[in-house]
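1. Build me a model from this:
(one chain, ligands or ions: 1)
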Amino acid sequence: MQVKSDAFLRCSKCRKVLFSKEFERNLRVCGSCGHHHRISADERIRITFDEGTFQELDRGLRSCDPLEFPDYREKLEKGAKATGRHDSVIRGTAMIEGRPVSAAVADFAFMGGSMGSVAGEKIARTIELAIERRIPAVIFTATGGARMQEGLLSLMQMAKTAAACRKASDEGVPFVCVFTDPTMAGVLASYASLADVILAEPGALVGFAGARVSAQAGVGRVPDNFQTSEYNFEHGMIDAVVQRKDLRSTLARVVDHLSANL
Ligand SMILES: [Zn+2]
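-> Model (predicted):
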């Protein structure tokens with residue numbers, strides 16, 4: 001998004017000039033074309049959960065750069081500066097219209113929301129706490145996938161988070177996942193797709209291999225809306241595509257319904 005001045009900005013999709021105040025009032029959704037621009041995890045928490053109820057857990061967890069991957073420490077520091085956090089996932093407990101949930105929210109501004117050992121551990125703990133307290137788990141994804149700087153350790157998070165989902169399923173504890181732009185690769189291929197109810201914001205990029213990798217793999221021509229929320233909804237991978245302004249009330253209804261038998 002190109003900021004022209006404090007009062008105006010330009011939609012990154014339709015290029016129309018928007019009033020900043022109106023854009024913020026619209027929860028960063030373009031009033032002209034409806035494009036849902038990315039929002040920070042903190043903003044997501046503010047607009048989703050009952051005011052003042054989010055209690056953050058594991059804020060101090062941080063990666064120890066196990067492979068001494070080139071430039072990883074610098075990238076972690078940059079992500080910390082951009083988000084005020086030590087990793088891409090924020091987790092905690094919260095209420096949504098009076099119902100308690102175990103929640104996690106990813107922030108794309110921290111290394112593309114990638115899942116390394118810290119993000120994976122926080123997701124697993126979010127689901128484990130839901131099982132322990134018998135409350136629904138609610139997770140918002142925003143990620144390019146696994147974090148290559150942690151190599152195999154990041155891929156292990158796929159198995160770990162998937163195992164937590166299985167345990168929740170065995171225990172009858174519900175898990176709701178909300179896909180936001182983008183939800184890709186190792187995250188889509190692990191816990192995200194294993195949720196009992198999957199909601200998605202309109203126009204979010206949702207897929208396994210990105211467009212460039214798909215092209216290299218010679219998959220041929222793909223539909224125009226390939227790897228969007230809408231395409232995945234049409235093919236049964238997503239339960240509902242929900243406008244950002246309606247997400248809180250929709251989530252509250254789903255959580256209320258799923259909490260009934262816990
Ligand atoms: Zn627009």
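
2. What strand or helix carries the residue in the stretch 101-250 of the chain positioned nearest to the ion?
-> Residue nearest to the ion within the stretch 101-250 of the chain (C-beta to the ion): Gly203, separated by 10.4 Å. Backbone N, C-alpha and C define where each C-beta goes, glycine included. When elements are assigned from DSSP states H and E, Gly203 belongs to no helix and no strand.

3. Enumerate every residue touching it.
-> Contacts here follow C-beta atoms under 8 Å, 6 or more residues apart in numbering; on that basis Gly203 touches 34-36, 181, 228-230.

4. top of those residues by neighbour count?
-> Ser229 (27 neighbours; other C-beta atoms under 10 Å).

5. That one is in contact with Val206, isn't it?
-> Yes: using C-beta atoms under 8 Å, Ser229 is in contact with Val206, at 5.7 Å.

6. intersection of neighbour lists for the two?
-> 179, 200, 238.

7. in the strand or helix carrying Ala164, what counts as buried?
-> Ala164 belongs to helix 151-171 when assigned by DSSP H and E. Neighbour counts over helix 151-171 (16 or more other C-beta atoms under 10 Å) mark 153-155, 157-158, 161-162, 164-165, 168 as buried.

8. Which strands or helices does that helix pack on?
-> helix 117-133, helix 185-188 (3 or more C-beta pairs under 8 Å, 6 or more residues apart in numbering; DSSP states H and E).

9. List, one by one, the residues from the stretch 101-250 of the chain near the ion.
-> Not one residue of the stretch 101-250 of the chain sits near the ion, judged by C-beta under 5 Å from the ion.

10. Would you work out how far apart the start and end of stretch 132-151 are?
-> Stretch 132-151 has an end-to-end distance of 31 Å (criterion: C-alpha to C-alpha, to the nearest Å).

11. Go through it and flag the buried ones.
-> Here stretch 132-151 shows 135-150 as buried, counting by 16+ other C-beta under 10 Å.

12. Residues contacting the helix holding Ala164, please?
-> Contacts of helix 151-171 (C-beta under 8 Å, 6+ apart): 66-67, 69, 114-117, 119-121, 123-124, 127-128, 130-131, 134, 137, 146-148, 174-175, 186, 189-191, 194-196.

13. Do you have the helices of the protein handy? List them.
-> 20-25, 41-48, 72-83, 117-133, 151-171, 185-188, 211-216, 229-234, 244-259 (DSSP state H).

14. where's Asp65 relative to Phe49, distance?
-> Distance of Asp65 to Phe49, given as C-beta to C-beta, to the nearest Å: 32 Å.
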